[in-house]
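Peer 1: Quick one, what's the 3D model for this:
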Amino acid sequence: MLISVIIPVYNVEPYLRQCLDSVLQQQHVNNYEIICINDGSTDNSRFILDEYAKKYDKIKVISQENRGLSAARNTGIRAASGEYIFFLDSDDWIEPNALKVLLDSISGVEDMICFNGRRFFEDGTNENPDNGITENSLTGWEYYNKYALLQRQFHFVCVVLRIYRREFILENDLFFMEGIYHEDNLFTPMVCYNAQKVKVIPDIIYIYRIRSGSITQSRNKKHLYDTITVANQLSAFFIPLSGLDKCILYREIAGEYFKGFMPEKRKIYGKNDIELIKRIDWNSFKTVCVYPRHKRIYYLLKFHPVFFRQYVELELFVKKFNA
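Peer 2: This is a model prediction of the structure:
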């Protein structure tokens, strides 16, 4: 059984060696390949990749013009030879026994194997990792409905918390939507819907670096607009489906629709109400509002975002008053 570790690389010179070494120094395992996609890096990342590729035959480097994380991952999927795919971001790393634990967990029939991780803060903040979870026989949709809303520090939607059977990805055309942020929010529900066999192991496999200046920490307004794109895409796929319990998913989609209007987003990104409103598929938004609170939010936003923010502030006031 071969695992393909796919590492998109874009201007991560200070972190790349640690990421690559964490895979190359895996204990008691040899059946893996590393596919690095140089996504148009302009720093020394490309030279580091060339250096490692010359030294280690397990590393394959593919260079392309800068097209973003999704496109880099898609390139890696197409180039992979392994039965399973592991997505590793190039500023993160994995535990020394990660691949052995995963290989020991694979029987070959699982569409996904899900695991635990922990976050590393560059500012020195310490955080206890989430509790590990063990599940041996779930469908992807059972897995989603059981764990998607579970309060955890390492967000459920993160693609890096699972390995995926490559043929499962290809058979269901589960590639990442290119040109958007928040691609994990779109990819994960789609994968869970299609997966028939899922195993969950409690082991901490993945170390996720929290750093300033990364994609997830930047303040590009496109982050806001793409939350609406994700909501529209999920709605278009899931709303027509019948015979499926969609309440939890709809709750998540509704949250994507109104997230950008929240007062804290306004403080970070400024005034974007007009642009956000233009992007919303209002029929879909109304359909996914199955909870009473979300129905109220829908009508308040439809009337005017100012009333929505007043409602949110009132909710906070009541919550503090009752605390």
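
Peer 1: If you count neighbours, what's buried in stretch 261-269?
Peer 2: The neighbour-count check on stretch 261-269 (16 or more other Cβ atoms under 10 Å) flags Phe261, Lys265, Arg266, Tyr269 as buried. To be clear about C-beta, it is placed using only N, CA and C from the backbone, and glycine gets the same treatment.

Peer 1: Of the residues you listed, which is the nearest to Glu315?
Peer 2: Nearest to Glu315, judged by Cβ to Cβ, of the buried residues of stretch 261-269 is Phe261 at 13.7 Å.

Peer 1: Tell me where the stretch 1-150 of the chain has helices.
Peer 2: Shown for the stretch 1-150 of the chain, the helices assigned by DSSP state H, counting those that start in this stretch span residues 13-24, 45-55, 69-79, 98-105, 140-147.

Peer 1: Would you mind confirming that Tyr225 is in contact with Lys278?
Peer 2: No: Tyr225 lies out of contact with Lys278 (Cβ atoms under 8 Å); the separation is 9.4 Å.

Peer 1: picking that back up, can I get the helices of the stretch 1-150 of the chain in JSON lines including distance to Val318 and mean neighbour count?
Peer 2: Shown next, in JSON lines, are the helices of the stretch 1-150 of the chain (distance: least, Cβ to Cβ, whole Å; neighbours: other Cβ atoms under 10 Å):
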{"stretch": "helix 13-24", "distance to Val318": "44", "mean neighbour count": "18"}
{"stretch": "helix 45-55", "distance to Val318": "49", "mean neighbour count": "16"}
{"stretch": "helix 69-79", "distance to Val318": "39", "mean neighbour count": "20"}
{"stretch": "helix 98-105", "distance to Val318": "45", "mean neighbour count": "19"}
{"stretch": "helix 140-147", "distance to Val318": "29", "mean neighbour count": "19"}
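
Peer 1: picking that back up, and Tyr225 and Lys278? which has more neighbours close in?
Peer 2: Taking other Cβ atoms under 10 Å, Tyr225 and Lys278 do not tie; Tyr225 has more neighbours (18 against 9).

Peer 1: Read off the pLDDT value for Ser218.
Peer 2: Ser218 is assigned 54 on the pLDDT scale.

Peer 1: same question, the one 10 residues further on
Peer 2: As predicted, Ile228 sits at a pLDDT of 97.

Peer 1: Next up, identify which helix or strand it is on.
Peer 2: Take DSSP states H and E as the rule and Ile228 turns out to sit in helix 222-238.

Peer 1: hang on, the earlier thing: I'd like the buried residues of stretch 261-269 as TSV, with secondary structure, distance to Phe187 and pLDDT appended.
Peer 2: Converted to TSV, those look like this (DSSP: H, G, I helix; E, B strand; the rest coil; distance: Cβ to Cβ, whole Å; pLDDT from 0 to 100):
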residue	secondary structure	distance to Phe187	pLDDT
Phe261	coil	24	95
Lys265	helix	23	90
Arg266	helix	28	88
Tyr269	helix	24	85
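
Peer 1: Tell me how far Ser284 lies from Gly179.
Peer 2: 20 Å (Cβ to Cβ, to the nearest Å).
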